[in-house]
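Colleague: kindly return the folded structure for what I paste below:
(chains A and B)
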There are 2 protein chains.
Amino acid sequence: MENFEFYTPTEYVFGRGTESRVGELTKKMGSRLVLIVYGGGSVIRSGLLDRVKTSLDAAGVRYLTLGGINPNPTDDRVREGIAVCREAGVDGLLAVGGGSVIDTAKAIAGGVPYDGDFWDFWAGKAVMKTALPVGVVLTIAAAGSEGSGNSVITRLDGMRKISLRTTVLRPRFAVLNPELTFTLPPYQTACGIVDMMAHIMERYFSNSDNCEVTDRLCEGTLKAIIAESPKVMAEPDDYQARANIMWAGTIAHNGICGTGRVEDWTSHAMEHEISALYDVAHGAGLAVVFPAWMTYMAKHHPHKIIQFANRVYDVATAEEGIARHKQFIASIGMPLTLEQLGIENPDLETMNRKLHENKGEIIGAYHRLDSLATLEIYRLML
Amino acid sequence: MENFEFYTPTEYVFGRGTESRVGELTKKMGSRLVLIVYGGGSVIRSGLLDRVKTSLDAAGVRYLTLGGINPNPTDDRVREGIAVCREAGVDGLLAVGGGSVIDTAKAIAGGVPYDGDFWDFWAGKAVMKTALPVGVVLTIAAAGSEGSGNSVITRLDGMRKISLRTTVLRPRFAVLNPELTFTLPPYQTACGIVDMMAHIMERYFSNSDNCEVTDRLCEGTLKAIIAESPKVMAEPDDYQARANIMWAGTIAHNGICGTGRVEDWTSHAMEHEISALYDVAHGAGLAVVFPAWMTYMAKHHPHKIIQFANRVYDVATAEEGIARHKQFIASIGMPLTLEQLGIENPDLETMNRKLHENKGEIIGAYHRLDSLATLEIYRLML
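Modeller: Take a look at the predicted model:
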């Protein structure tokens, strides 16, 4: 185990009907005028946005709204939100949605009190010291942003997709009502499942040995996801299965699965280049990337792939583990190749070049990869 | 899964040499004059107390000390600490030790700003609204108090041992350096192992079904403890094994293992009556209580005992699981009977009477137990 710090000050309020508490929680985080950030029209159609507003009204919290945040959220909407907040004197953000909405709200929260351009933080030119408080009402179990300090934003100018991680951006509260995910389409549900598994696996595949506790937490959460996924795919309104998947998504990314070790976010970085170029769903992209990455590792650096096979899928070899994982991915309707992902002639060279432009000549911690190696992994996705 | 709230705002700073950061962390929690609470002389002999003071000096934090806190800490020392804090204007507590020291520091922290007698909170006569901030330097992996809102205090007048749980008492920070546990005697190390396992098991044995994620977190942490324990017993200065045991102790009791379910603290309550009457080590008492409780449940309500046997010990039946658990308990030198615990003629009737006086006529959530049933369980400890 490596030395580590672990600090998760998010207050989770989990269960049926918990969105009715959003007013009280927003007031408790010290906000009197919030910007509600949301995505497409589903939160309007479902009545969720109205219920959130009713709860805020009852608590005497005023609000403005910023809707229409898309998947792979972009810097233009962040800048728009920052301008709105500054003009109106907004003192808190309330994200009602999934990862893209939460990440946008976080970026706005960090940008408002900063004199320069918010992108400075994502570009590594400045360190975020403070941010407006952020609250979350989660509607998609996937990104884990409700319990993380991460925010992934794509800069339209140059199509650079970058993830920032800072304690400052951890939400103050997260309302987690599994019922809100009943209406998610199967494809998005499955994307979320792959995304949360990836969040665990990027932490799990590490050379930091002797992390028995953390390993077991990862393996256990993965096993639970694998057991519950067929249930949510078969019955979208299975409350208990949705609840387990939702809680797994938070645990996958709040940091507990990484305690004591060096993480390796290569697969996420490789996927970010795919979805930056082709605008595919992040989870579907990860469904394709991970088996390719694992197949490469089974040849070059297998020890943790074997443990994964042994303990998560109860099989003996790395190859069997990868096969079982592919079988699981396919069983929830996710793609295994770039072609199945809908990309007919993928520009592997450009993705690979951008990957190393963004992340450096050699990437990876579990196993160091140069551009030839990552290109080989991209080719394994064909 | 039941609705739940989960809020763990403790900042964990884990690893070698981390006690040197205690000054910085204490300052960050807003304290300028702290009361350092500690136990016997080991923190003096090891030089830890001096290192802590040096770190506080460097950060410009002043301090007073309250030493000599014993296992099963008592209300008299809490009152003493409250008086010292009030007189000197102390604005924070720093616990350097294990569970008894931390629990005492917490009780003082809650008592100082309260007009009435601090015991009101433990007696259920008042609800704690505020407390001085508490920081921890942990020296014993066991009680999990470093990451919990719990504080167990024994009232000398009447020998009532009561556990209070409130978010207000969660430590602001916890410094976790596994090296500080190298010198723990084997008996205390083993007591700690049993204690942390019990913290998980009291949450695990629940009728709240469909908690697959939480179940897996519990089972995984238990498996890790079972794997690492022989290493720390064989080599007390095995850093990696000590690190895993230390982190497991925190996870066992910070609440994550109870998310989504009704917990059942019957075994802890039964043990509290043993150690209140005979002043045995809490962990050693639990070593005796748990197999007896499980043996009773295997007969009357076996479903979760069977799952425990299947997934933690990889055996088929409740009976085999209990046998394996007993074998593990014995392997780390812990007692399996009250006699092995050193109590020759245990006054079961008095313990049983006090149990129900303190906890009510019927106790337990996994399975409801009247005084005849709990007496039967006490008898299974003979």
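
Colleague: the stretch 51-200 of chain A: helices as residue ranges?
Modeller: A:75-88, A:99-111, A:119-122, A:186-204 (DSSP state H, counting those that start in this stretch).

Colleague: burial of A:Leu132, as a residue count?
Modeller: Other residues near A:Leu132 come to 22 when the count uses other Cβ atoms under 10 Å in any protein chain shown. To be clear about C-beta, it is placed using only N, CA and C from the backbone, and glycine gets the same treatment.

Colleague: does it touch A:Gly92 like I think?
Modeller: Yes. Assessed by Cβ atoms under 8 Å, A:Leu132 is found in contact with A:Gly92 at 5.6 Å.

Colleague: overlap in contacts of the two?
Modeller: Residues touching both A:Leu132 and A:Gly92 (Cβ atoms under 8 Å, 6 or more residues apart in numbering or on different chains): A:31, A:109.

Colleague: and what about A:Leu372, helix, strand or coil?
Modeller: Under DSSP: H, G, I helix; E, B strand; the rest coil, A:Leu372 falls in the helix class.

Colleague: what about it, how many residues nearby?
Modeller: 8.

Colleague: tell me which stretches of chain A form strands.
Modeller: A:4-14, A:33-38, A:62-66, A:92-97, A:134-138, A:150-155, A:160-165, A:173-176 (DSSP state E).

Colleague: now for the third one, which elements pack on it?
Modeller: Read that as strand A:62-66. Where contact means 3 or more Cβ pairs under 8 Å, 6 or more residues apart in numbering or on different chains; DSSP states H and E, strand A:62-66 is packed against strand A:33-38, helix A:48-59, helix A:75-88.

Colleague: please identify the deepest-packed of the helices of the stretch 51-200 of chain A.
Modeller: helix A:99-111 (a mean of 30; mean count of other Cβ atoms under 10 Å in any protein chain shown).

Colleague: now it against helix A:186-204, angle please.
Modeller: If you take axes from the mean of the first three to the mean of the last three Cα atoms, to 10 degrees, helix A:99-111 sits at 60 degrees to helix A:186-204.

Colleague: what about helix A:99-111, distance to the chain center?
Modeller: Mean-position distance between helix A:99-111 and its chain equals 12 Å (Cα atoms, centre = their mean, to the nearest Å).

Colleague: and A:Ile343, how far from A:Ala276?
Modeller: Remark: distance between A:Ile343 and A:Ala276 (Cβ to Cβ, to the nearest Å) = 13 Å.

Colleague: same check, this time on A:Asn310
Modeller: Distance from A:Asn310 to A:Ala276, counting by Cβ to Cβ: 35 Å.

Colleague: neighbour count winner among the two?
Modeller: Each of A:Asn310 and A:Ala276 has its neighbours counted (other Cβ under 10 Å); A:Ala276 has more, 22 against 16.

Colleague: give me the pLDDT value at the spatially closest residue to the more buried one that is not a sequence neighbour.
Modeller: Leaving aside its sequence neighbours, A:Ala276 sits nearest to A:Lys161 (Cβ to Cβ, 6 or more residues apart in numbering or on different chains; 4.2 Å). Listed pLDDT for A:Lys161 reads 80.

Colleague: and for A:Pro236?
Modeller: pLDDT for A:Pro236: 98.

Colleague: ok, and what's touching the least confident helix or strand in chain A by mean pLDDT?
Modeller: Within chain A, no helix or strand scores below strand A:160-165, which has a mean of 88 by mean pLDDT, DSSP states H and E. Outside of strand A:160-165, the residues within contact range by Cβ under 8 Å, 6+ apart are A:72, A:107, A:110, A:121-123, A:128, A:148-155, A:265, A:268, A:272-273, A:275-276, A:354, A:358.

Colleague: please repeat the previous calculation with a cut-off of 10 Å.
Modeller: Strand A:160-165 has contacts (Cβ atoms under 10 Å, 6 or more residues apart in numbering or on different chains) with A:72-75, A:103, A:106-107, A:110, A:118-119, A:121-124, A:128, A:148-155, A:255, A:265, A:268-269, A:271-277, A:282, A:354, A:357-359.

Colleague: below-threshold pLDDT in chain A: ranges please.
Modeller: Scanning chain A for pLDDT under 70 picks out A:159.

Colleague: walk me through the domains of it.
Modeller: Following automatic domain parsing, chain A resolves into domains at A:11-180, A:186-379.

Colleague: contact residues of the stretch 1-150 of chain A facing chain B?
Modeller: Listed as neighbours of chain B in the stretch 1-150 of chain A under the rule Cβ under 10 Å from any Cβ of the partner chain: A:1-18, A:21, A:147.

Colleague: of those residues, select the buried ones using a ChimeraX command.
Modeller: The ChimeraX command for the buried members of those (criterion: 16 or more other Cβ atoms under 10 Å in any protein chain shown) is given here:
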select /A:1,4,6,8,10,11,12,13,14,15,18,21,147
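
Colleague: what's A:His199 in contact with, if anything?
Modeller: Counted by Cβ under 10 Å, 6+ apart, A:His199 has contacts A:142-144, A:148, A:150, A:218, A:221, A:248-254, A:257-258, A:263, A:265, A:268, A:286.

Colleague: how far does stretch A:118-128 stretch from one end to the other?
Modeller: 9 Å (Cα to Cα, to the nearest Å).

Colleague: same deal with stretch A:158-178?
Modeller: For stretch A:158-178, the separation between the terminal residues is 37 Å (Cα to Cα).

Colleague: and that stretch, how far out from the chain middle?
Modeller: Mean-position distance between stretch A:158-178 and its chain equals 8 Å (Cα atoms, centre = their mean).

Colleague: now do the helices in the stretch 251-382 of chain A.
Modeller: Going by DSSP H, counting those that start in this stretch, the stretch 251-382 of chain A shows helices at A:266-278, A:282-300, A:303-312, A:318-331, A:348-359, A:371-379.

Colleague: by how many degrees do the second one and helix A:99-111 diverge?
Modeller: Spelled out, it's helix A:282-300. With the same axes, to 10 degrees applied, the angle from helix A:282-300 to helix A:99-111 works out at 90 degrees.

Colleague: what angle separates helix A:282-300 from helix A:371-379?
Modeller: 120 degrees.

Colleague: burial count for the closest residue to A:Pro291 other than its chain neighbours?
Modeller: In space, and not counting its chain neighbours, A:Pro291 is closest to A:Lys326: 5.2 Å by Cβ to Cβ, 6+ apart. A count of nearby residues for A:Lys326, using other Cβ under 10 Å, gives 17.

Colleague: having no further points to raise, I will conclude here.
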